[in-house]
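Peer 1: need coordinates for the following:
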Amino acid sequence: MKRMIYNQLIQFARELGKRLFDFFEMTGYSLILLGESIYFLKNIFTQRKEIAKQMYFAGVKSLFVVSVVALFTGMILSLQAGIELRAFQQQALVGNLVIATLTREMGPFVTAIILIAAVGSAMAAEVSTMKVSEEIDALEVMSINPVRFLVMPRIVALAIMLPMATVYTNVLGTIGGGIVAQFQLNVTFDVYYSHVLESLHFKATYVGLLKAFMFGLIISTISCANGLRATNGALGVGKATRDSVVASFLMVLVVGYYITAIFYGK
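Peer 2: Presented below is the predicted three-dimensional model:
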């Protein structure tokens, strides 16, 4: 019995060590990949067509989903906050809560989650497919650096488009909140938007956009890193896509918390 428990503990320790090693190895690889992409920013002009293509894919192609989620996010925030405020006859303040929540946290977070699912997963699948089909090796044989040709344009595109999509989310979410305030909370548009403008602070806006920018870097880097390390054919493509989505989601949560703590914590 003791021998069995001992063997199980050894197996658990090995598995934990392997997972920790894989985590730190992937983290290091992703940071190196980001550093190389920053270095290749000197080629940004020659890669402008690919960057524009990736920006279109990340922004315009995701516009419908972002619109629906942003609108209903604002409506839900307004309804939930308004219900609580109405108990104190303060439902007129719902605009303050909606805009503060969107600009500080929910805007960049919700947008990042949408783009993880719609764009990050597609990036990982595309790059991993190229890796397992040896297209990446073919690029290297032709003396074309895969980081310059594939990774850098995707990182630049998502780092630009995620803040822009966040602004769009904030605007549409505020409109959705105003619709609920008008028709369900008996708060007129004039009153609602006066409180929105009252609570629209510069600090909250730039911190939210900083989060969005960091999220764009994180999602694109993790997606490309997992794609470039894919192996084992179609099975590897699926694993790389799944790992990139999970890792991106976790890193968005962690980095979002620390940015909030830095700017708003004591």
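Peer 1: can you pull the buried residues of stretch 140-158?
Peer 2: For stretch 140-158, a neighbour-count test (16 or more other C-beta atoms under 10 Å) marks 146-158 as buried. C-beta here means a position set from N, CA and C on the backbone, and glycine is covered the same way.
Peer 1: per-residue pLDDT, the residue nearest in space to the middle of the chain?
Peer 2: Closest to where the C-alpha atoms of the chain average out (C-alpha atoms, centre = their mean) is Ala112, at 2.8 Å. Predicted confidence (pLDDT) for Ala112: 94.
Peer 1: next one: it relative to Met214, how far apart?
Peer 2: As judged by C-beta to C-beta, to the nearest Å, Ala112 and Met214 stand 9 Å apart.
Peer 1: likewise Val147?
Peer 2: Val147 is 20 Å from Met214, by C-beta to C-beta.
Peer 1: how many residues are close by Met161?
Peer 2: 24 (other C-beta atoms under 10 Å).
Peer 1: residues contacting it?
Peer 2: Counting by C-beta atoms under 8 Å, 6 or more residues apart in numbering, Met161 touches Met55, Ala58, Gly59, Leu115, Gly216.
Peer 1: so which of the residues you listed belong to strands?
Peer 2: Members of the contacts of Met161 lying in strands (criterion: DSSP state E): none.
Peer 1: hmm, which of those is lowest in pLDDT?
Peer 2: Gly59 (83).
Peer 1: any idea how far the residue nearest to the centre of the chain lies from Phe64?
Peer 2: Ala112 is 17 Å from Phe64, where distance means C-beta to C-beta.
Peer 1: same thing with Phe202?
Peer 2: Noted for Phe202: a distance of 31 Å to Phe64, by C-beta to C-beta.
Peer 1: residues of the helix or strand where Ser220 lies that come out buried?
Peer 2: Element membership for Ser220 (DSSP states H and E) is helix 202-228. Going by neighbour count (16+ other C-beta under 10 Å), the buried part of helix 202-228 is 204-205, 207-209, 211-228.
Peer 1: which strands and helices sit next to it?
Peer 2: helix 2-39, helix 107-115, helix 121-132, helix 152-184, helix 233-264 (3 or more C-beta pairs under 8 Å, 6 or more residues apart in numbering; DSSP states H and E).
Peer 1: which of the ones you listed sits most buried?
Peer 2: helix 107-115 (a mean of 26; mean count of other C-beta atoms under 10 Å).
Peer 1: what does that one rub up against?
Peer 2: With contact meaning C-beta under 8 Å, 6+ apart, helix 107-115 is reached by 58, 62, 65-66, 69-70, 73, 158, 161-163, 165-167, 169-170, 173, 208-209, 211-212, 215-216, 219, 249, 252, 256.
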